[in-house]
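Fold the following.
(one chain, ligands or ions: 2)
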Amino acid sequence: MSERRRPIRIAPSILSADFARLADEVARLEEAGCDWIHVDVMDGHFVPNLTIGPMVVAALRRVSSVPLDVHLMIAEPDRYVAAFCEAGADVLTFHIEAAPDPIRTCEAIRARGVRAGIALRPATRLDRCAQALAAADLVLVMTVEPGFGGQPFMAAMLDKVAEAAVRWGRQADVEVDGGIDAETVVRCAAAGANVFVAGSYVFGHRDPAAAIRALREGAQRGRSEALALEHSVDEVEQTGP
Ligand code: DX5
Ligand code: ZN
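Ligands and ions are numbered 1, 2, ... in the order given. As a prediction, the model looks like this:
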């Protein structure tokens, strides 16, 4: 079972970075040991906030040597798939609530050699999008309402994370985003997530390397706890009546 688990990835979100010094912030995150860099794209329609577009992603691509995990929180994602893929996204995630034909959107992303992710707002149920999720390389379970960094973690999302991990965790990455810190990362990893986005926790820490280490250790601990539980259930089943 354990060898089928996907690798743990720590993906700091540059939403909490100093936007006047993005290249330095990327270098700082890479030195601090991040696996991916998470880039939050907001359009002022799908979410009330406005952030960055493909030009900034292209600029980040030139200064980053780790994969760019681009999270589109925009209406009409199909209109922008080509631009963000060309800008250098390695993973391109769109919201299912904004996509009329999510399987087609995944295919358009993958046809450009980019991994396709599907994100769900907290109110969106997994069973509403099971078919589409089977076509994705990554499932992003939002653990806050999308739009802003620094919001509290929604523990009610843990069941959704667990269900996503059971159904798609062998074929796709299961990512959590929002309110992730050294404590909530343990619970998300125990539920089966393997990609952890963290903005305010990493940038609010005086030592980003220590923050990333704490997230990685927390994720490993959560994963080990879940595995130990699975094994003890197996033993009970094997020795049971
Ligand atoms: C929220 C964004 C997140 C955000 C997370 O809409 O999708 O990626 O940066 O920020 P924290 O970690 O501060 O909750
Ligand atoms: Zn995000």
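
going forward, measure contacts between C-alpha atoms and count neighbours the same way
Noted.

so how far is the longest helix seen in the chain off the chain centroid?
Taking DSSP state H as the criterion, the chain has its longest helix at helix 208-239. Centroid separation for helix 208-239 versus its chain: 19 Å, with CA atoms, centre = their mean, to the nearest Å.

can you start the count at 43 instead of 1 from here on
Will do, 43 is the new start, and the previous item becomes helix 250-281.

Can you tell me the element the residue positioned nearest the centre of the chain falls in?
Nearest to the mean C-alpha position of the chain, counting by CA atoms, centre = their mean, stands Glu217 at 3.6 Å. Assigned by DSSP states H and E, Glu217 falls within strand 215-219.

Strand partners (parallel or antiparallel) of that strand?
Strand pairing for strand 215-219, determined by DSSP bridges: strand 180-184 (parallel), strand 237-240 (parallel).

ok, back up a step: the longest helix of the chain vs ligand 1: in contact?
No - Helix 250-281 lies apart from ligand 1 when judged by CA under 6 Å from any ligand atom; the minimum separation is 11.6 Å.

how about the residues of the chain that lie near ligand 1?
55, 57, 82, 188-193, 219-222, 240-243.

Pull out the buried members of the residues you listed.
55, 57, 82, 188-192, 219-222, 240-243 (16 or more other CA atoms under 10 Å).

In space, what's closest to Val105 - neighbours in sequence excluded?
Spatially, and ignoring its direct neighbours in sequence, Val105 is nearest to Ala65 (6.2 Å; CA to CA, 6 or more residues apart in numbering).

where does that neighbour land in three-state SS?
Classification of Ala65 by DSSP: H, G, I helix; E, B strand; the rest coil places it in helix.

Let me see the confidence value for it.
Here, the pLDDT recorded for Ala65 equals 98.

does Pro194 count as helix, strand or coil?
coil.

That one and Val186: what is the separation?
Distance, Pro194 to Val186, by CA to CA, to the nearest Å: 7 Å.

Common neighbours of those two, please.
220-221 (CA atoms under 8 Å, 6 or more residues apart in numbering).

More neighbours: these two, which one.
Neighbours were counted for Pro194 and for Val186 using other CA atoms under 10 Å; Val186 has more, 22 against 12.
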